[in-house]
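Q: Okay, structure incoming, though there's no sequence with it:
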């Protein structure tokens, strides 16, 4: 059964515009994600870089192992948020100016995260860079959660999804930003401890799954 949120009276023209807005939002966000992934690959060490003095491809990557690890972590987080975005828009029937703005803010936060990722690599695990990565990863995740909650309250979700599924989706997108927030104080201990602190995502996910089952026990 759908959530009994109060429906707003909208004209057919307004509903049509909001449906087109959802299509436009999906296109724009997909392009931005593609650009971010492309930007990550541009960070890879290049064999033709005149400042590098290497005699083999293996040496290039063995001497830049930490750089590759940072890029891999960044790529994983970008892909996770991209998959989450499609999970969310796949259950919407239309968007709205407020919802679209929240979704675009999420993209802005992710792009700022990539900006500090470059600082992290250039300055070998700079504490401030790690802290900013945690903050903007968390902001990106919470922006997505707020956008989804707004969509639920304003009847933007599909008629094919019920309240239980809506709550389940919300809980499924919270572990990443909560883990990013948890990792913030660990930045002072260096990149290794900071990276390991993200493993808290496992117990967070288990707790949220337990909480969801408690709210909606299987019948």
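A: On my side now, so go ahead. These figures come from a predicted structure and were not determined experimentally.

Q: what helix or strand is the residue most central in space within the chain on?
A: By CA atoms, centre = their mean, the mean C-alpha position of the chain lies nearest to residue 81, the distance being 3.1 Å. Secondary structure from DSSP states H and E places residue 81 in helix 65-89.

Q: Okay, buried residues for the helix or strand just after that helix please.
A: Next helix or strand after helix 65-89 toward the C-terminus (DSSP H and E): helix 97-122. Neighbour counts using 16 or more other CB atoms under 10 Å place 99-100, 102-107, 109-110, 112-114, 116-117, 120-121 of helix 97-122 among the buried residues. Where you see a C-beta, it was placed from the backbone N, CA and C, and this is true even at glycine.

Q: Next, the angle from helix 97-122 to helix 65-89.
A: Comparing the axes of helix 97-122 and helix 65-89 via axes from the mean of the first three to the mean of the last three CA atoms, to 10 degrees yields an angle of 170 degrees.

Q: Could you pull up the mean pLDDT of helix 97-122?
A: This predicted structure assigns helix 97-122 an average pLDDT of 90.

Q: which helices and strands does it pack with?
A: Secondary-structure packing of helix 97-122 (3 or more CB pairs under 8 Å, 6 or more residues apart in numbering; DSSP states H and E): helix 12-42, helix 65-89, helix 127-153.

Q: For residue 127, which residues are in contact?
A: 187, 188 (CB atoms under 8 Å, 6 or more residues apart in numbering).

Q: quick one: pLDDT of it?
A: Confidence at residue 127, expressed as pLDDT, is 90.

Q: what sits against the closest residue to residue 44 other than its chain neighbours?
A: Counting by CB to CB, 6 or more residues apart in numbering, residue 71 is the residue found nearest to residue 44 once chain neighbours are left out, at 6.6 Å. Applying CB under 8 Å, 6+ apart to residue 71 gives the contacts 40, 41, 43, 44, 121.

Q: Against residue 78, how distant is residue 71?
A: Residue 71 sits 10 Å away from residue 78, taking CB to CB, to the nearest Å as the criterion.

Q: which neighbours do those two share?
A: With CB under 8 Å, 6+ apart as the test, residue 71 and residue 78 both reach residue 40.

Q: what number of residues lie near the residue nearest to residue 173 when sequence neighbours are not counted?
A: With CB to CB, 6+ apart as the criterion, residue 173 has its nearest non-adjacent residue at 5.0 Å, and that residue is residue 84. Other residues within reach of residue 84 by the criterion other CB atoms under 10 Å amount to 20.

Q: and residue 84, what is it in contact with?
A: By CB under 8 Å, 6+ apart, residue 84 lies in contact with 144, 172, 173, 176.

Q: Neighbour-wise, which one of the residues you listed leads?
A: Highest count within the contacts of residue 84 by other CB under 10 Å belongs to residue 144, 27 neighbours.

Q: On the pLDDT front, check it for me.
A: Model confidence at residue 144, expressed as pLDDT, equals 93.

Q: Same question for residue 51.
A: Confidence for residue 51, expressed as pLDDT, is 54.

Q: before we move on, what about residue 61?
A: Turning to residue 61, the model gives it a pLDDT of 61.

Q: ok, residue 82 to residue 75 distance?
A: When CB to CB is the yardstick, residue 82 and residue 75 sit 10 Å from each other.

Q: higher neighbour count, those two?
A: A side-by-side neighbour count of residue 82 and residue 75, using other CB under 10 Å, places residue 82 first with 18 against 14.
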